[in-house]
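**Student:** I'd like to go over a predicted model; first the sequence, then the structure.
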Amino acid sequence: MIPVAFGQMRRRPAAFAGLACALFLAIATVTLFGSLLAADVTAPASARRAATGPGVAVIAGAFGEIAVLVAFFVVVNALGFALRQQHRELALLRTIAATPRQARRLVRGQVVVTALSVALPGWIAGGAAARRFLAELRRLGLAAPGVRVPGTPVPMLVALAVTLAVGLAASAVAARRISRIAPSAALTASSTEHGRTGAPRLLAGLGALVGGGLLLRLSATRPPEEMDKAGQAALLAAVVLLVAVALLGPLAIRFLVAVLGAPVRALAPGAGWLAHANLRGYARRLSSAVVPVALLVGLSGTMLIMTETAEHAARATATSVTSATDVWLRQAEVALLTCFAAVSTVNTLVAVTAERRREFALLRLVGAHPWQLMRMLAVEAALATAVGVLLGAVVAGAASAAFSTASTGSMAPSVPVAASWYIVAGAAALTVLTVLGTGLRVVRGPAVELVSGDRG
C-alpha cells in the first residue's frame, strides 16, 4: 500500500497541498507554545519573579489552548477533503479486492508521510515564532531578560507526536465510511451524497451545541475582576459552537438555502436557478464551503468585539485595565486565529471546487459555456459567503454577549462597526476569489477526457 499511497500523492498534489499546509501550521503552533512553556520551566526562579504580569507560562497557556484547538480543527478539515478527493480511487481499490484495513492503512500512510515532510519547516517556523514572541514579552515587561527559549528538542518532538496522533485519529474517522461499505457499493458511494445526517454526527453536533452553551454560561457568570477568564471561556465557546456548526451544518444550510433561493433566482434567473439547484441538492458540499467562512467570521469577529467591549468597560470604570500590553496580546491572538481561519477557508474552497471537475465537464458536454459555469460559481460563492457570514455572526454575537454580560453587566456588546465590515468584506473577497480562481482552472481541458476520468 505504500507505493499506492505515494502514487496517489504524486497524482493529486493539489489535494495534499492543503493538508500539508494545515499540518505545517499545527506543528508550528504546538512548537511555538511548547517552546514558550519550556522557556518558563527552564528559567531561573529569580528571572520568573522579576517579570510583571501573569508570566510566560500563563500567557502561553491562554494563547495555546485556543490556537492549538483551531489548528487541529483546520487539520481535520483539510484531511477530510484530501480523502474526499480520493473517494473514487479508494472505491476502485475496494472493487479489486483491497480490504478495509488496507484502505485505512493507505490513508494513514499518506498522513504520516505528509506530516514528516513538513515537520522540519514547522519546527523552524515554530521556534522562530517562539523567540520573536518571547522577545516581545520581554519588551513589554511580561518576561524577564533572563528567560530564553531552550535548545531542547522536546517541544518539537511533542508537536510532531501530537499532530500525528490527531491526524491519524481524524484519518480513521474520515476513512471509515469508504472502508466499511461493501465493495460493490463503494464506487457508487464515491459519487453520491447522502441526504440524511447520520445519528453519530447528529449526536456529536448536539453535544457540541450543549457544550458551547455551558461555556457561554460560564463566561457570562464570571465577575468583572475575572474578565480574562470570561474572555477565554467565551472564545472557547465560539470554537465549540463552530464545531457544532460543522457537524450540524447540512441541516441548517438546507433551511437557509430555501430562504435565500428566491431572491437569488430573481437576481440571476439563469445562473441563479442552476446555482440554487446545485446548492439545494448538495447541502453537505455547501456546508463544507460555508464552515470555514463561518470560522473566519466567527473567530475574528468574536475577538474584535470582545476587545472593543473590554476597552469600553475600562473607560466606563475609569480604570487602566486595557493597557498597551493587553491590546498587543489581543491583536496577536486575532492575527493568529485569523491566519488559521483564512488557511482553512482557502484549503476547503479549493478542494470543494476542484472535486467538481467531472460535473463541469458533463455540463460542457450538454452545451454549457465555460463562462456560464463561471457565472454559476460566482452566484454559489456569493450565497456561500452570505450563509457563512450569517452563521459566523451568530456565533460571534453569542460569545460576545456572554463576555459583555460578565464585563459590563449588559448583554449588548460594543461592536466596532467599521472593523466588522472589513471582516465581512475580507471573507467575501477571499471566498469569491478563491472559488473563481479555482473554477477558471477546473473548467478548462477536454471535457470528454475529464468525464472519462483520464485526467485527475
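**Tutor:** Happy to help now that I have it. Because the structure is predicted, anything quoted here is derived from the model rather than measured.
**Student:** in this protein, which helix or strand is least confident?
**Tutor:** The weakest-scoring helix or strand in the chain, judged by mean pLDDT, DSSP states H and E, is helix 183-189 (a mean of 57).
**Student:** buried set for the following helix or strand past it?
**Tutor:** On the C-terminal side of helix 183-189, the nearest following helix or strand under DSSP states H and E is helix 199-220. Judged by neighbour count using 16 or more other Cβ atoms under 10 Å, the buried positions of helix 199-220 are Ala204, Gly205, Ala208, Leu209, Gly211, Gly212, Gly213, Leu215, Leu216, Leu218, Ser219, Ala220. (C-beta placed from N, C-alpha, C; glycine too.)
**Student:** list the helices and strands helix 199-220 packs on?
**Tutor:** helix 227-267, helix 370-408 (3 or more Cβ pairs under 8 Å, 6 or more residues apart in numbering; DSSP states H and E).
**Student:** now find how far off-centre it is within its chain.
**Tutor:** 18 Å (Cα atoms, centre = their mean, to the nearest Å).
**Student:** with stretch 351-359 instead?
**Tutor:** 20 Å.
**Student:** and for stretch 361-371?
**Tutor:** 32 Å.
**Student:** now, of the helices and strands packed on helix 199-220, which is deepest in the fold?
**Tutor:** helix 370-408 (a mean of 23; mean count of other Cβ atoms under 10 Å).
**Student:** residues of the very next helix or strand once past it that come out buried?
**Tutor:** Heading C-terminal from helix 370-408, the first helix or strand you meet, by DSSP H and E, is helix 417-442. Neighbour counts over helix 417-442 (16+ other Cβ under 10 Å) mark 420, 423-424, 426-428, 430-432, 434-435, 438-439, 442 as buried.
**Student:** for helix 417-442, packing partners?
**Tutor:** If contacts are counted by 3+ Cβ pairs under 8 Å, 6+ apart, helix 417-442 sits against helix 283-316, helix 324-354, helix 357-365, helix 370-408.
**Student:** kindly recompute the last result at 6 Å.
**Tutor:** Counting contacts by 3 or more Cβ pairs under 6 Å, 6 or more residues apart in numbering; DSSP states H and E, helix 417-442 is packed against helix 283-316, helix 324-354, helix 370-408.
**Student:** which one of these lies nearest to Ser46?
**Tutor:** Ser46 lies closest, by Cβ to Cβ, to one member of those: helix 324-354, at 22.1 Å.
**Student:** can you check what angle separates that closest one from helix 283-316?
**Tutor:** Helix 324-354 runs at 170 degrees relative to helix 283-316, counting by axes from the mean of the first three to the mean of the last three Cα atoms, to 10 degrees.
**Student:** can you give me the offset of helix 324-354 from its chain's centre?
**Tutor:** 8 Å.
**Student:** residue contacts, Val443?
**Tutor:** Phe360, Pro370, Leu373 (Cβ atoms under 6 Å, 6 or more residues apart in numbering).
**Student:** repeat that with 7 Å
**Tutor:** Phe360, Pro370, Leu373, Met374 (Cβ atoms under 7 Å, 6 or more residues apart in numbering).
**Student:** which of the residues you listed lies closest to Glu333?
**Tutor:** Met374 (37.5 Å).
**Student:** which residues does the nearest residue to that closest one once chain neighbours are set aside contact?
**Tutor:** With Cβ to Cβ, 6 or more residues apart in numbering as the criterion, Met374 has its nearest non-adjacent residue at 5.8 Å, and that residue is Gly439. Residues near Gly439 by Cβ under 7 Å, 6+ apart: Thr353, Met374, Leu377.
**Student:** turn those into TSV, columns for pLDDT and distance to Glu308.
**Tutor:** Converted to TSV, the contacts of Gly439 look like this (pLDDT from 0 to 100; distance: Cβ to Cβ, whole Å):
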residue	pLDDT	distance to Glu308
Thr353	83	35
Met374	87	39
Leu377	86	36
